[in-house]
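Undergrad: Sequence and predicted structure are below.
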Amino acid sequence: MSHAQHSSGAAASNALLSEFTTLRLGGPARALVECTDTASLVETVTGLDRAGEPALLIGGGSNLVVGDDGFDGTAVVVRNTGIDITDDAEQPYVTAAAGTDWDALVAATVDAGYGGLECLSGIPGAAGTTPVQNVGAYGAEVGDLLRAVELLDRATGETRWVGPADLNLGYRTSDLKGRDDHVVLTVEFRLNAGGRSQPIAYRELARTLGVDEGASAPAASVREQVLALRRGKGMVLDPPDHDTWSAGSFFTNPIVDDDRIDETIATIRSRVGHDVAIPRFPAGDGLSKLSAGWLIERAGFTRGYPDDDAPARLSTKHTLALTNRGAATTADLLSLAGRVRDGVRDAFGVELHPEPVFVNCSMPR
């Protein structure tokens, strides 16, 4: 497995973090350790903390943008795995170790005859990272079914279970995001008995399935259609396909206060025309959500922007994904991200915010 060693052995030095991110970007870490069980993960992190050594936790690497200079500390790759389904009569649930591949977890629940997680099929990364940013897709998000999370408190070295109410889950965020004082060790999700999906809340998916919005469907069928839709957008990892060398959706859909939404819509209409339908969705009390991908395209950034020879480009399938075409640097990617952000702001007065976590790098101002 690349240059790394399991935590029971010596840590590797100068391991390239590009080998551990789906963008395949990132310079070296001073040391890198892989932890293959929960006990070694706790032992490794607490040991590094006692020694005063900076630690970077890496799950599936699907939401990380690591700088070209790498990380001046020890990278800890979370590899603890395991899936256990409890057929509770009142509410079945699944327990998974943090390093478990997320899509493998979804597949295991569907294959065992349960529904609930099917709309989140095909999302790359590790199960333990999903509550951190409240991962979502196709009208569903992790917070809908999250039952509990086991955390390591790095300040005390103690572990404890918390419920979703303790995490302040929001749109692509939680109290765990943007901080490193806790490490997710284990996650639990409620499941639906009888192989039925959650209510289908995404119009494109409902149409593909031939059901009404708000109806449920067989979880296996929903999973199959979600995977097909994601593949069509380059959102299922496929090493030969550079459109999948990405961090998924790079920008979150912008949330606008309802007291500003009419002015914002008017500004957009002045640019795209008054007869154009502008995607807009409710986002909670007093808030509306716009489509980042739609805004990016209407601001003039087409699929594959800027051109075939660019080392970092928008995906040729989906403008919300920024991709490494094989020879990009992190600086190349961040420069592209800055151009897209600034272009949307200049065109529509809407500020796009990045979804991934940045390590030793930032977008240009």
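TA: That came through, no problem. It should be emphasised that the depicted structure is a prediction, and the values quoted were computed from it without experimental measurement.
Undergrad: residue ranges for the strands of the stretch 51-200 of the chain, please.
TA: For the stretch 51-200 of the chain, strands defined by DSSP state E, counting those that start in this stretch occupy the ranges 55-58, 64-66, 71-78, 83-86, 93-97, 136-137, 140-141, 146-153, 158-162, 182-190.
Undergrad: For the third one, give the mean pLDDT please.
TA: Model confidence over strand 71-78, given as mean pLDDT, is 98.
Undergrad: for the longest one, same thing?
TA: In this model, strand 182-190 has a mean pLDDT of 98.
Undergrad: Pull the residues that contact that strand.
TA: With CB atoms under 8 Å, 6 or more residues apart in numbering as the contact definition, strand 182-190 has outside contacts at 38, 41-42, 45, 57, 80, 91-98, 109, 116-117, 127-132, 142, 145-154, 159, 176. C-beta: built from backbone N, CA, C; applies to glycine.
Undergrad: now do 6 Å
TA: 38, 45, 91, 93-98, 127-128, 145, 147-153 (CB atoms under 6 Å, 6 or more residues apart in numbering).
Undergrad: from those residues, which would you call buried?
TA: Buried members of the contacts of strand 182-190, scored by 16 or more other CB atoms under 10 Å, are 38, 45, 93-98, 127-128, 145, 147-152.
Undergrad: Show the contacting residues for Asp68.
TA: Asp68 touches Gly27, Thr329, Thr330, Ala331, counting by CB under 6 Å, 6+ apart.
Undergrad: Tell me who's in contact with the last one.
TA: In this structure, Ala331 makes contact with Asp68, judged by CB under 6 Å, 6+ apart.
Undergrad: any idea how far it is from Pro306?
TA: 15 Å (CB to CB, to the nearest Å).
Undergrad: same question, the third one
TA: Using CB to CB, one obtains 17 Å as the distance from Thr330 to Pro306.
Undergrad: quick one: which of the two has more around it?
TA: Higher neighbour count among Thr330 and Pro306: Thr330, with 26 against 13, using other CB atoms under 10 Å.
Undergrad: Give me the local confidence score for that one.
TA: Reading off the model, Thr330 has pLDDT 98.
Undergrad: any idea how far it lies from Gly26?
TA: Distance from Thr330 to Gly26, by CB to CB: 7 Å.
Undergrad: Same question for Gln91.
TA: Computed as CB to CB, the Gln91 to Gly26 distance reads 40 Å.
Undergrad: same thing with Thr323?
TA: 15 Å.
Undergrad: what do you get for Val359?
TA: From Val359 over to Gly26 (counting by CB to CB), the distance is 7 Å.
Undergrad: anything in contact with each of these two?
TA: Counting by CB under 6 Å, 6+ apart, the common neighbours of Val359 and Gly26 are Val66.
Undergrad: Can you point out the buried residues in the helix or strand Glu224 falls within?
TA: Per DSSP states H and E, Glu224 falls inside helix 219-232. Within helix 219-232, the residues scored as buried using 16+ other CB under 10 Å are Ala219, Ala220, Ser221, Val222, Arg223, Glu224, Gln225, Val226, Leu227, Leu229, Arg230.
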